[in-house]
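In: What shape does this take:
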Amino acid sequence: MLTNYTGELIQHDSSYHLWAPDAQEKWYLITSLDDFSRYIFYAKLLRKETSWAHIVALESMFLKYGLPFSYYVDCHSIFRFVQGRDSFWRKHHTLTDEADPQWKQVLNDCNVKIIYALSPQAKGKIERPYQWLQDRLVRTCVRENVTDIRKAQTILNQEIYRYNYRQVHSTTQEIPYLRFQQALQDKKSLFREFAIRPPYQSVKDIFCLRLSRIVDPYRRISLNNLLLKVNDVTTGDMVNLRIYPMNNRLSEVRFWCDGRLVDVQRIKNSDLNIAFF
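Out: Okay, here's the model as predicted:
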């Protein structure tokens, strides 16, 4: 697949690897890369891979660079529901692509197309930077006896800077950042300005986790055995919850009903018991 514009295709993936051997634990590396310029927009080390972690990657990139035309990902369950593979937690009549994972719902709200790689070989362009990062990051972490993920992230940031701003890419024969900037100057870009589409009001309504619940006769909804009283709703209403984790302890829950924001509550993550999906 060849691209002619920056923002035409964003390669997005994660790699589970022993990035710092002295730490004696593997970490996930989530990365987003522009196919045209090979510029790496996002790189983050995490102990646990969740839907929320990938949504944070979207938020970070979209608010800084705008909305790309499409994303290119594999068929991981975070990105795509596949009938048969994921059916143990879905109704059996749900077919492939009929159940949208949390990450995909964010892209749908932003009108960004998703393209799925059907084989590991098809993900070659994103795998090559991983191999380069793996070699550089692992060697540096070993040399500096790194055991803490925060120190490893600092080293990763340095290597990403070197890759983006100093190194000539072997395929394009250009420095990724300069190629990216030149594409913007030449108007060879498919990035669009990020805007919140009505009726939603905040980025917290877009980059969030979503659930739907029906209001009971006491104007409450049930969420993992937690009963929540909701304002300005009636029995039988369908309420859409947009959950924005503010930190490791607290989330803002925004309640939407019939295109209206009817309530906003802050709730402990331990009470929500959602584990960030």
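
In: got the contact list for the most centrally placed residue in the chain?
Out: Computing the C-alpha centroid of the chain and ranking residues by CA atoms, centre = their mean puts residue 54 first, at 2.3 Å. Shown in contact with residue 54 (CB atoms under 8 Å, 6 or more residues apart in numbering): 12, 14, 30, 78-79, 103. Just so you know, the C-beta spots here come from the backbone N, C-alpha and C atoms, and that holds for glycine as well.

In: buried ones in the helix or strand where it lies?
Out: Element membership of residue 54, judged by DSSP states H and E, is helix 51-65. Neighbour-count burial for helix 51-65 flags 51-59, 61-62, 65 (criterion: 16 or more other CB atoms under 10 Å).

In: same question for it, mean pLDDT?
Out: In this model, helix 51-65 carries a mean pLDDT of 97.

In: what does stretch 179-191 give?
Out: Here the average pLDDT along stretch 179-191 is 98.

In: which of the buried residues of helix 51-65 lies closest to residue 8?
Out: residue 65 (13.1 Å; CB to CB).

In: for the stretch 101-250 of the chain, which spans come out with low pLDDT?
Out: 119-130 (pLDDT under 70).

In: For residue 97, report the pLDDT, please.
Out: 42.

In: So residue 216 belongs to a helix, correct?
Out: No. Counting by DSSP: H, G, I helix; E, B strand; the rest coil, residue 216 is not found in a helix; it is coil.

In: correct me, but it touches residue 233?
Out: No. Assessed by CB atoms under 8 Å, residue 216 is found out of contact with residue 233, at 10.2 Å.

In: which is the next helix or strand following the helix holding residue 54?
Out: Sequence-wise, the next helix or strand downstream of helix 51-65 (DSSP H and E) is strand 70-73.

In: Rounded mean pLDDT for that following strand, please.
Out: 96.

In: Just give me the closest of the contacts of residue 54 to residue 173.
Out: The closest of those to residue 173 turns out to be residue 12 (CB to CB; 24.5 Å).

In: roughly how far out does the helix or strand hosting the closest one sit from the chain middle?
Out: Assigned by DSSP H and E, residue 12 belongs to strand 10-17. Its chain's C-alpha centre lies 11 Å from the corresponding centre of strand 10-17 when counted by CA atoms, centre = their mean, to the nearest Å.

In: Strands of this protein, start to end?
Out: Ranges of strands in the chain, per DSSP state E, are 10-17, 27-34, 40-46, 70-73, 113-116, 209-214, 220-223, 226-229, 238-245, 250-257, 260-268.

In: which of the ones you listed is buried the deepest?
Out: Using mean count of other CB atoms under 10 Å, the stretch among those with the largest mean neighbour count is strand 27-34, at a mean of 22.

In: Parallel or antiparallel, list what pairs with it.
Out: strand 10-17 (antiparallel), strand 40-46 (antiparallel) (DSSP bridges).

In: Let's see the shortest one as CSV, backbone CA atoms only.
Out: Think strand 40-46. C-alpha atoms of strand 40-46 as CSV (Å, rounded to 0.1, in the frame of the first residue of the first chain):
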residue,chain,number,x,y,z
ILE,A,40,6.1,8.7,14.9
PHE,A,41,3.4,10.7,16.6
TYR,A,42,3.0,8.7,19.7
ALA,A,43,5.0,6.2,21.8
LYS,A,44,4.2,5.1,25.3
LEU,A,45,5.3,2.2,27.5
LEU,A,46,2.7,0.6,29.7
